[in-house]
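Enquirer: Any chance you could fold what I've pasted below:
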Amino acid sequence: MLPPTADRPKLRATLDQLSAAVEDLLLGGLTTASDATRQTLSGAMQEAARLRLLRLGGTLRVATEELGRFTRQEKIFSRRRLTFFLNRAWLLSRGMGHALDTSDEKEYDRLTWSPPAQPLPAVEVVCLGAVKKVAEHAFVAFEFRLRAVADAGAVKAGQKLSWSAVFPLKKGQDIPPEGFLHLPQKQKFAPFLFLERTTLNIANATVSGDETSGWRLALTDQSTVTVGKPFTGWDQFLAWSPQSAIDRLAKHVPGPLDLDTELQEEIVLRDYEIGKAEDGDEPGQTVYPITMGALTLHALIGAGTEGKALKKSIDEIRKVRGANPPLFGLMHYERCRLVFQPLATFPGSPDYITISKENVNKAALLKAMDFRS
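Expert: Model prediction:
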């Protein structure tokens, strides 16, 4: 849907400024990056957030994050990631500007990739795993991978849902990423409830997406999240066959705006073996080769605090003699490789292996709560 008429002039000007800033940066080189360039990217990101332009906002967030890493001369700076997202930002800004000029709603919707949301009065879910993302000096984010326990409107029992929480980082803040899970949301719950291994009752939310790609859950000011009853039926969600991924690949038509992770699968590995750790493509990354039958996957562990807990868990699994527990995670396709992101094992109930089991510093947590107020 095209934005309201009153918002179009400002958005059009923002898109023009964005494309010009990217062109100047690519033509002049990264050493020409100025405060004005970063402010342009940041302003465009804020405008994208205001208009709920998820694809543009996410693209600018990563580009701004990498540009900041370059200016700070951090070892984890990625040239490949920065150039990809800068080029993607340019394509989106020019394409969206053309769609606005021609009032082409179909093209605008394709570029913004903002599926319509629909109300979800109530749903009962369980959490299978949690993605943890740490962007130094920027934010900590968690994405909880859920399953519906019973039918709820458009969402049917057993279907995939996800919910994300993003926390900005304060300069000089000394708190582990997991500490943010204890910070109360405006709906008066703390995200750590998703890791309680019980059902969760969520009311007055909205969902977007579909049953094939999965539903994305969004909370409103009126939403509530409460702990439900103990849950033991985890096995019903641990069946997976490569055929579903093959069928989805066969139907996919690639395009210039695709992200590797957009064609992503939730999978469960059984009877697998984990090989010796290797260096990843990016500084600080670790890769473990995992084999399951004819499949060979590259399990990617992030650098620094992001991957510390996960690496420790994978190393512990490698030491176990006998059958390994079912391993749940996300798989995507990158450079003709199956890239795997482990999230949880299931020795019975889920062990959320991305989440550190170390105690949280309560004093630092209180400072973080003051920062959010």
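Enquirer: Contacts only, for residue 218.
Expert: The neighbourhood of residue 218, defined by C-beta atoms under 8 Å, 6 or more residues apart in numbering, consists of 117, 163, 205, 206, 207, 208. (C-beta placed from N, C-alpha, C; glycine too.)
Enquirer: Quickly find the element holding it.
Expert: Using DSSP states H and E, residue 218 sits in strand 214-230.
Enquirer: Can you tell me which helices and strands the next helix or strand after that strand packs against?
Expert: Along the chain past strand 214-230, the next helix or strand (assigned with DSSP H and E) turns out to be helix 242-251. Packing contacts for helix 242-251, counted by 3 or more C-beta pairs under 8 Å, 6 or more residues apart in numbering; DSSP states H and E, involve strand 265-269.
Enquirer: Work out the gap between stretch 89-100 and the centre of the chain.
Expert: Here stretch 89-100 is found 24 Å from its chain centre; the criterion is C-alpha atoms, centre = their mean, to the nearest Å.
Enquirer: Dump it to PDB, keeping only the CA atoms.
Expert: Listed next in PDB are the C-alpha coordinates belonging to stretch 89-100 (Å, rounded to 0.1, in the frame of the first residue of the first chain):
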ATOM      1  CA  ALA A  89      19.800   0.500  -0.200                       C
ATOM      2  CA  TRP A  90      20.500   2.300  -3.500                       C
ATOM      3  CA  LEU A  91      18.300  -0.200  -5.400                       C
ATOM      4  CA  LEU A  92      15.400   0.200  -2.900                       C
ATOM      5  CA  SER A  93      15.600   4.000  -2.700                       C
ATOM      6  CA  ARG A  94      15.600   4.500  -6.500                       C
ATOM      7  CA  GLY A  95      12.900   1.800  -7.000                       C
ATOM      8  CA  MET A  96      10.600   3.100  -4.300                       C
ATOM      9  CA  GLY A  97      11.100   6.700  -5.600                       C
ATOM     10  CA  HIS A  98      10.000   5.600  -9.100                       C
ATOM     11  CA  ALA A  99       7.000   3.700  -7.600                       C
ATOM     12  CA  LEU A 100       6.000   6.900  -5.700                       C
END
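Enquirer: any idea how far the nearest residue to residue 99 once chain neighbours are set aside is from residue 206?
Expert: Distances taken as C-beta to C-beta, 6 or more residues apart in numbering put residue 108 closest to residue 99, at 3.9 Å, once the chain neighbours are dropped. In this view, residue 108 and residue 206 are 21 Å apart by C-beta to C-beta, to the nearest Å.
Enquirer: Ok, residue 176 next?
Expert: According to C-beta to C-beta, residue 176 and residue 206 sit 31 Å apart.
Enquirer: All set now, cheers.
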